[in-house]
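> Structure, please.
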Amino acid sequence: MDERTRYFRRLRKLRNSARRWSVLGGGLAAATVVLTPYAGIGAADAVWAGAAGASIALAWWRHGDHRELAATPAPPAPPPLMPGRRLTAAIERFPTGRTIMHEVRRHKNRYALRGSVITEAWDRLERASATMTALAGRLTGPGEPAVLEAATAEQWLRDLGQRVATVERAIPLSPPASRAGLEESHAGLTEQFTEGVTAYERLVAAAASFVAEDAHPLADSQHPALSGLIDATDRLHGFAEGLAELKRPQAGSAGTSR
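Sure, this is the predicted structure:
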């Protein structure tokens, strides 16, 4: 939901709330004025009068909030979406749709790199990115900054990879006089991308080492979860053996009585 839609929705809610409290306050005030002279002022009349006063006060506040918000300029309208983008935005409202669109974009970017010299390095980046995504939820404490660093580096590497592929496709179209300079630039970008992917893989490996060490218990002791699992297993075995011992004498006595 964009800011403009949220603004008008809140404005409409304040206007409807002010109207409801105005109607309720007016009705309670009228009932208080009409019913009080018949029986004098009692406990019930105090309730009527209190409810009427509270409703009128709330209606006044809601009208004030509505006037204050209405005096604020509305946010500008978002740029209109193209039909394809409108469909994409509708799909991405749901978690499954976001996953599907992410996979579609990933395959689209991979298809754009077909035949490029960085295809192998790009595939390495994809595997490292998937591993980092799986590790991100377990990088807590000192490992949290690595998640942000990895996201920034991945975005830079993906943009750089697309640049390399674009320059590579332009090399055959360039005139012979400038082709040598373009090939040199392409070689430099390719080397930078490959080194960046290698550095990203080292970061992912370091993150995996952190997650692995964080799961190890202190010293030579067992993890509390593992100890609890072993204790529960031993208790169940004890219960099973106790039940078996209770049933065996009964089975023997039943055979003797026959």
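> Now do the longest helix along the chain: distance to the chain's middle.
Counting residues, the longest helix found in the chain (DSSP state H) is helix 176-215. Centroid displacement of helix 176-215 relative to its chain, using Cα atoms, centre = their mean, to the nearest Å, is 28 Å.
> Could you give me the buried positions within that helix?
For helix 176-215, burial by neighbour count (16 or more other Cβ atoms under 10 Å) applies to 182, 186, 189-190, 193-194, 196-197, 200-201, 203-204, 207-208, 210-211. Any C-beta I mention is one placed from the backbone N, CA and C, and that applies to glycine too.
> What of stretch 120-139?
Those would be Ala121, Trp122, Arg124, Leu125, Ala128, Ser129, Met132, Leu135, Ala136, Leu139, for stretch 120-139 by 16+ other Cβ under 10 Å.
> ok, those residues vs Thr72, which is closest?
Closest approach to Thr72 among the buried residues of stretch 120-139 (Cβ to Cβ): Ala136, at 38.9 Å.
> From the chain's centroid, how far away is the helix or strand where Ala30 lies?
Ala30 is part of helix 3-39, with elements assigned from DSSP states H and E. Helix 3-39 sits 38 Å away from the centroid of its parent chain (Cα atoms, centre = their mean).
> which helices and strands does it pack with?
The elements that helix 3-39 packs onto, with contact taken as 3 or more Cβ pairs under 8 Å, 6 or more residues apart in numbering; DSSP states H and E, are helix 43-71.
> list the helices and strands the helix it packs on packs on?
helix 3-39.
> So for the helix it packs on, what gets flagged as buried?
Residues 11, 14-15, 17-18, 21-22, 24-25, 28-29, 32, 36 are the ones in helix 3-39 that count as buried (16+ other Cβ under 10 Å).
> Quick one: mean pLDDT for the helix holding Ala30?
Averaged across helix 3-39, the pLDDT comes to 76.
> With stretch 122-141 instead?
87.
> How about residues contacting that stretch?
With Cβ atoms under 8 Å, 6 or more residues apart in numbering as the test, stretch 122-141 has contacts from 106, 110, 113, 116, 146-147, 150, 154, 157-158, 161, 197, 200-201, 203-204, 207-208, 210-211, 214.
> sorry, back to before: just the ones of the buried residues of stretch 120-139 in strands?
Among the buried residues of stretch 120-139, no residue falls in strands (DSSP state E).
> Need the residues you listed in a markdown table (columns: distance to Ala54).
Converted to a markdown table, those look like this (distance: Cβ to Cβ, whole Å):
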| residue | distance to Ala54 |
| --- | --- |
| Ala121 | 69 |
| Trp122 | 66 |
| Arg124 | 67 |
| Leu125 | 63 |
| Ala128 | 62 |
| Ser129 | 58 |
| Met132 | 56 |
| Leu135 | 55 |
| Ala136 | 50 |
| Leu139 | 52 |
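> which one of the residues you listed is nearest Gly238?
Distance to Gly238 across these (Cβ to Cβ) is lowest for Leu135, with 39.5 Å.
> For that closest one, give its distance to Thr152.
Distance, Leu135 to Thr152, by Cβ to Cβ, to the nearest Å: 16 Å.
> ok, Pro145 - how many residues close by?
For Pro145, the number of neighbouring residues by other Cβ atoms under 10 Å comes to 10.
> so for the host helix or strand of it, what's the average pLDDT?
Assigning secondary structure by DSSP H and E places Pro145 in helix 144-170. Averaging pLDDT along helix 144-170 gives 88.
> got the angle between it and helix 176-215?
With axes from the mean of the first three to the mean of the last three Cα atoms, to 10 degrees applied, the angle from helix 144-170 to helix 176-215 works out at 160 degrees.
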